[in-house]
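Next comes the sequence, and after it the predicted model I'd like to discuss.
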Amino acid sequence: MSTTRPSELTGDYVIDATRTRIGFVARHTMSTRVRGHVDAFEGSVHLDGEQPWKSSVRLVIQAKDVQTKNRQRDVLVRDKFLDAKNHPTITFTSTDVLQSDATHYELTGDLTIRGTTRSVTLNVELTDTEPDSQGNLWAHLKGTTTINRKDWNVNWNAFTSAMVSPTVVVEFDAVVVRG
């Protein structure tokens with residue numbers, strides 16, 4: 001990690017969608033893991049280096065953009081599981097930030113999928129910061145959480161309920177920039 005002091009991190013950032021990956025892993029049947037990702041999203045971050053609990057995150061994902069590298073499965077996930085036509089966005093809005101150590105945080109927030117909002121906590125690590133030649137500050141954050149998709153009514157029918165694990169691991173590797 002760079003030598004950026006916590007007070008130098010304070011400010012408003014935007015998520016750099018070209019350098020950020022948001023993905024998920026779900027188990028299908030007993031042994032196959034299905035990996036997916038989204039490319040259409042936007043978000044903002046407010047970092048407070050001195051008082052991390054004052055930091056915040058807002059993320060909006062386009063549900064119609066969920067991709068698993070299988071066209072037929074993508075249509076099922078978007079249309080049947082996520083009901084993207086009636087619920088076009090998946091949102092996350094932070095409600096609390098707890099600092100575990102110099103680079104690790106617990107980020108709690110409201111995750112809304114299919115019109116249902118539930119609280120989730122993500123384990124987040126600040127892995128690097130870097131100023132660029134234009135005077136912008138870049139911060140690299142990565143994290144994960146595990147959710148039960150059934151808590152958000154993400155299901156198609158009884159058959160898929162038996163074939164697809166309710167546990168979904170959500171992962172992100174994000175770059176945010178303060179201009």
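Here it is on my side, so go on.

tell me the phi and psi of Ser100?
Note on Ser100: backbone dihedrals following degrees, to the nearest 10 are phi -90, psi -40.

Please name the residues that touch it.
Glu106 (CB atoms under 8 Å, 6 or more residues apart in numbering). Placement of C-beta: from N, CA and C, glycine included.

ok, it to Leu107 distance?
11 Å (CB to CB, to the nearest Å).

now swap in Thr127 and tell me
In terms of CB to CB, Thr127 sits 15 Å off from Leu107.

Out of these two, name the residue with the larger neighbour count.
Leu107 (22 against 13; other CB atoms under 10 Å).

Wait, the more buried one touches Ser119, no?
No: in this structure, Leu107 is not within contact of Ser119 by CB atoms under 8 Å, at 11.2 Å.

buried sites along stretch 45-63?
Within stretch 45-63, the residues scored as buried using 16 or more other CB atoms under 10 Å are 45, 47-49, 52, 55-57, 59-63.

which is the next helix or strand following the helix or strand of the chain with the lowest mean pLDDT?
The weakest-scoring helix or strand in the chain, judged by mean pLDDT, DSSP states H and E, is helix 158-163 (a mean of 69). Once helix 158-163 ends, the next helix or strand along the chain (criterion: DSSP states H and E) is strand 164-178.

Now do the strands in the protein.
Under the criterion DSSP state E, strands of the chain are mapped to 11-15, 21-28, 32-38, 41-47, 56-62, 89-99, 104-113, 116-131, 137-148, 164-178.
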